[in-house]
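**Student:** got a predicted structure plus its sequence, pasted below:
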Amino acid sequence: MSELDEKLTEALTLAGLDAKTRRWLKRQDNKRNATNPKTKSYERTEDEPVAITPVEYGGLQEGFDHFNRELFSGKLPDVFITYQRKAGMAGHFAADRYSGRIGKFGKHELALNPDAFINQTDKQICQTLVHEMMHVHSASHQRAAITTRNGPRR
């Protein structure tokens, strides 16, 4: 087991996330509540217009940046994070799937299923994010074949 795998095992035990990550999650909630007590889409009513995209995707990027720094020493490449609904999956990873309209490049895509968030805690959603980040790490460091449904591609 690599040092990174050991760190992840410690950080994401059955008992939950480590104390540092729990504090970070709490700070994010406090920061969000200080500026607008109803920044999450499910906390607002229709008559409270707040742009949902920067709120939802900004939180994903903050989470990715935090776990990249704390668990992967900031070594994961930039990825395109998106919401995608796919039955039976909480998230998925696709190597070099995203490319821009201009220029020739490929970025990894990390997708989370918002339907899988229903009745889940922030901790559980973060665990899914970190799980998908492990696929980014594997692909980026060529430690293993790109995987689908958590098994080797056939």
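**Tutor:** Nice, I can see it. Please read all numbers here as calculations on a predicted model, not as lab measurements. Numbering: from 1, shown residues only.
**Student:** which elements pack onto the longest helix along the chain?
**Tutor:** Using DSSP state H, we find that the single longest helix of the chain is helix 52-72. On a contact count with 3 or more CB pairs under 8 Å, 6 or more residues apart in numbering; DSSP states H and E, helix 52-72 meets helix 3-11, helix 19-35, strand 79-83, helix 122-140. Just so you know, the C-beta spots here come from the backbone N, C-alpha and C atoms, and that holds for glycine as well.
**Student:** and the closest residue to Asp96 other than its chain neighbours, how many neighbours?
**Tutor:** By the measure of CB to CB, 6 or more residues apart in numbering, the closest residue to Asp96 outside its immediate chain neighbours is Gly106, 3.4 Å from it. Gly106 sits with 12 neighbouring residues when counted by other CB atoms under 10 Å.
**Student:** and Gly106, backbone torsions?
**Tutor:** phi -130, psi 140 (degrees, to the nearest 10).
**Student:** test my guess that it contacts Ser99.
**Tutor:** Yes: between Gly106 and Ser99 there is a contact at 5.4 Å, judged by CB atoms under 8 Å.
**Student:** look up phi and psi at the residue lying closest to Ala116 once chain neighbours are set aside.
**Tutor:** Distance criterion CB to CB, 6+ apart; nearest residue to Ala116, sequence neighbours excluded, is Ala90 at 4.0 Å. As for Ala90, its main-chain torsions (degrees, to the nearest 10) stand at phi -80, psi -30.
**Student:** Ala90 contacts Val130, correct?
**Tutor:** No: using CB under 8 Å, Ala90 is not in contact with Val130, being 11.7 Å away.
**Student:** which one of these two has more residues nearby?
**Tutor:** Neighbours per residue (other CB under 10 Å) separate Ala90 from Val130, with Val130 holding more: 22 against 19.
**Student:** so how far is Lys86 from Val136?
**Tutor:** Separation of Val136 from Lys86 (CB to CB, to the nearest Å): 18 Å.
**Student:** give the pairing partners of the strand ranked longest in the chain; include direction for each.
**Tutor:** Ranked by number of residues, the top strand in the chain under DSSP state E is strand 91-98. Each strand pairing with strand 91-98, determined using DSSP bridges, is listed with its direction: strand 107-112 (antiparallel).
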